[in-house]
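Undergrad: dropping a prediction and its sequence here:
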Amino acid sequence: MGDYIYDVVISGAGPVGLNVAYNLKKSGLNVGVFEEHPQVGVPANCSGLISKNSMDSLNVDIDEAIVNRIRGAKLFSPNNQEIVIDIGKDFVAYLVDRTKFDRVFEKRAKKIGVSILNNTRLMNVRNESIFVEREKRGELLKGKFVIGSDGVNSTVRHLMDIKVNKNFFVHSMQTRVQGNFDPSFVELHFGNFARGFFAWVIPESKEHARVGLGCSLGLNIDNCFNEFMLKRFPEVKVFSKKSFLIPCGPPLKQWYNIQKKMLLLGDAGFFTKATTGGGLMLGLETSNLVSPLFNTLFSDKKFDFKEFDRVVAPINKELLLHWKLRSYYNNLSDDKIDKLFFKAKKANIENFLVEHGDMDRPSLFVGKLARNPKYWFLGKEVFSFLRV
Ligand SMILES: Cc1cc2nc3c(=O)[nH]c(=O)nc-3n(C[C@H](O)[C@H](O)[C@H](O)COP(=O)(O)OP(=O)(O)OC[C@H]3O[C@@H](n4cnc5c(N)ncnc54)[C@H](O)[C@@H]3O)c2cc1C
């Protein structure tokens, strides 16, 4: 590499890293993306459900990655009461093949000349020296700024000395199941078997579904998962399952470091919805919001880093509300969840959510809920908790 110096080094070639790399390269900066794995998109650690509205607004053609289109959701309480959110003829979400999805972003970035170094793991950063392990050998590269888009266990986050409470992670397990499914609806199951999160069934087709469960760290994920499988799929034998961490906490207060010239995006920076663990859409949107600031950062010596907070404020507002909803839910017993389902169904929550619900932006409906006397049964403490 000689004396070549990147303007921005991006650690992690997930969709968020590849998206910000594309934006920065397009704006004229030299960017290098380091990816520890030999190929982009492998291994795939995701269910791949994304909101249609948010995805369409990004203007990225993901047709080749779409596996299914989802029309609604069926929510199950611990004693199996059901709330159905059915959008009707239209659909609300895409189910994607995560490997193909990531490769859409890879192809787009490579097409405009972004350099992606595979088998390259970012290890350490000192001033403008970037230490990487490349093809199992140590190497030194140069970069003026580092973006950490290196996922839930981010090395860059560690290098920024950011300590995250272990309660702000959820343990998850996922498998693929053969059976009979309604291909238009995802299922969400709530109860003690998934304390601190929930279980999900996401149909790929009439015959196959992605089935997973998340629970608080410290619980035995195998036991939780087996209990759910026994309840929902008593006939099914699971041969292979994968286990991952999901960031599930409030937005990070410190997600960039001026002295170290580092910034976090995507899962690395906890741009993940604490209600569902979904991180693709808000992660990509955040990377679009911060990208235009990099040219000013390099050209203006007086650049105020608070600009990053300003552009990301609308996303952080949503993420905070996701976190408040998660914290509220986590304090409910199974009995309370059952009662809530019963009352919500009676108050016609299904129609309300069809009309106002949004997978990514709870602010669009929580306020409306609080202003509608029909939903005051949720109690003053819920709304004051959410501060709406
Ligand atoms: C079981 C499960 C189900 C999920 N389902 C959904 C869902 O349905 N919808 C949704 O929106 N989100 C979902 N998520 C979350 C989603 O997968 C993440 O939010 C998303 O992948 C974040 O993208 P990213 O680009 O920030 O990070 P990642 O996709 O995690 O990419 C990070 C990349 O960095 C690389 N890397 C890590 N460390 C280094 C290093 N030191 N040097 C170089 N490279 C490095 C990794 O190899 C990886 O390629 C799910 C997560 C899990 C675990």
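TA: Structure received. Not measured: the values here are computed from a predicted model. Numbers count the residues shown, from 1 in each chain.
Undergrad: now the end-to-end length of stretch 226-238.
TA: End-to-end distance of stretch 226-238 (Cα to Cα, to the nearest Å): 9 Å.
Undergrad: show residues contacting it.
TA: Thr175, Val177, Gln178, Gly179, Glu187, His189, Phe193, Ala194, Ala199, Val201, Val211, Leu213 (Cβ atoms under 8 Å, 6 or more residues apart in numbering). In this view, the C-beta of every residue, glycine as well, is placed from N, C-alpha and C.
Undergrad: for the third one, give me phi and psi.
TA: Read it as Gln178. phi -100, psi 140 (degrees, to the nearest 10).
Undergrad: I figured Pro183 hits Val201, correct?
TA: No - judged on Cβ atoms under 8 Å, Pro183 makes no contact with Val201 at a distance of 11.3 Å.
Undergrad: and those two? Which one has more around it.
TA: Using other Cβ atoms under 10 Å, the more surrounded residue of Pro183 and Val201 is Val201, with 23 against 16.
Undergrad: so what's the more buried one up against?
TA: Going by Cβ under 8 Å, 6+ apart, the list of residues near Val201 reads Val177, Phe181, Val186, Glu187, His189, Ala209, Arg210, Val211, Arg232.
Undergrad: over to Asn257?
TA: So Asn257 contacts Met160, Leu263 (Cβ under 8 Å, 6+ apart).
Undergrad: which strand residues bridge it?
TA: Taking DSSP bridges, one obtains Met262 as the residues bridged to Asn257.
Undergrad: now do the buried residues in stretch 231-244.
TA: By neighbour count on 16 or more other Cβ atoms under 10 Å, the buried set for stretch 231-244 is Arg232, Phe233, Lys241, Phe244.
Undergrad: now the strands for the stretch 151-300 of the chain?
TA: Remark: strands assigned in the stretch 151-300 of the chain by DSSP state E, counting those that start in this stretch are 169-178, 185-189, 199-203, 208-216, 242-247, 256-257, 262-264.
Undergrad: and the fifth one, how far from the chain's centre?
TA: Relative to its parent chain, strand 242-247 has a centroid offset of 11 Å by Cα atoms, centre = their mean, to the nearest Å.
Undergrad: list the helices and strands that strand packs on?
TA: Applying 3 or more Cβ pairs under 8 Å, 6 or more residues apart in numbering; DSSP states H and E, one finds that strand 242-247 contacts strand 169-178.
Undergrad: what helices or strands is the strand it packs on leaning on?
TA: Counting by 3+ Cβ pairs under 8 Å, 6+ apart, strand 169-178 packs on strand 208-216, helix 221-232, strand 242-247.
Undergrad: burial check on whichever residue of the stretch 101-250 of the chain sits closest to the ligand, number of neighbours?
TA: Of all residues in the stretch 101-250 of the chain, Gly151 sits closest to the ligand, at 3.0 Å by Cβ to the nearest ligand atom. By other Cβ under 10 Å, 22 other residues sit near Gly151.
Undergrad: who are the neighbours in contact with it?
TA: Applying Cβ under 8 Å, 6+ apart, the residues contacting Gly151 are Gly12, Gly14, Gly266, Asp267, Ala268.
Undergrad: the first one touches Asn153, doesn't it?
TA: No - using Cβ under 8 Å, Gly12 makes no contact with Asn153, being 10.3 Å away.
Undergrad: common neighbours of those two, please.
TA: Looking at what touches both Gly12 and Asn153 (by Cβ under 8 Å, 6+ apart), there is no common residue.
Undergrad: who has more neighbours out of those two?
TA: Gly12 (27 against 13).
Undergrad: hang on, the earlier thing: now the contacts of stretch 226-238 as a markdown table including pLDDT and distance to Leu122?
TA: Listed next are the contacts of stretch 226-238 as a markdown table, based on pLDDT from 0 to 100; distance: Cβ to Cβ, whole Å:
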| residue | pLDDT | distance to Leu122 |
| --- | --- | --- |
| Thr175 | 96 | 31 |
| Val177 | 95 | 36 |
| Gln178 | 93 | 39 |
| Gly179 | 92 | 41 |
| Glu187 | 97 | 38 |
| His189 | 97 | 38 |
| Phe193 | 96 | 38 |
| Ala194 | 97 | 34 |
| Ala199 | 98 | 34 |
| Val201 | 98 | 36 |
| Val211 | 97 | 34 |
| Leu213 | 98 | 32 |
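Undergrad: most neighbours out of those residues, which is it?
TA: Neighbour max across the contacts of stretch 226-238 (other Cβ under 10 Å) = Val211, 28 neighbours.
Undergrad: dump the residue contacts of Ser172.
TA: Taking Cβ under 8 Å, 6+ apart, we find Ser172 in contact with Phe197, Gly212, Leu213, Gly214, Cys215, Ile221, Ser243, Phe244, Leu245, Ile246, Gly277.
Undergrad: make it 10 Å
TA: By Cβ atoms under 10 Å, 6 or more residues apart in numbering, the residues touching Ser172 are 45-47, 194, 197, 199-200, 212-215, 221, 224-225, 242-246, 248, 277.
Undergrad: just those residues that are near the ligand?
TA: Restricting those to those touching the ligand (Cβ under 6 Å from any ligand atom) yields Asn45, Cys46, Ser47, Gly212, Phe244, Ile246, Gly277.
Undergrad: of those residues, the lowest pLDDT goes to which?
TA: Minimum pLDDT for those is recorded at Asn45 (88).
Undergrad: nearest residue to that residue in space, ignoring adjacent ones along the chain?
TA: Phe244 (4.7 Å; Cβ to Cβ, 6 or more residues apart in numbering).
Undergrad: was I right to think the one you found contacts Leu213?
TA: No - using Cβ atoms under 10 Å as the test, Phe244 is too far from Leu213 to be in contact (11.5 Å).
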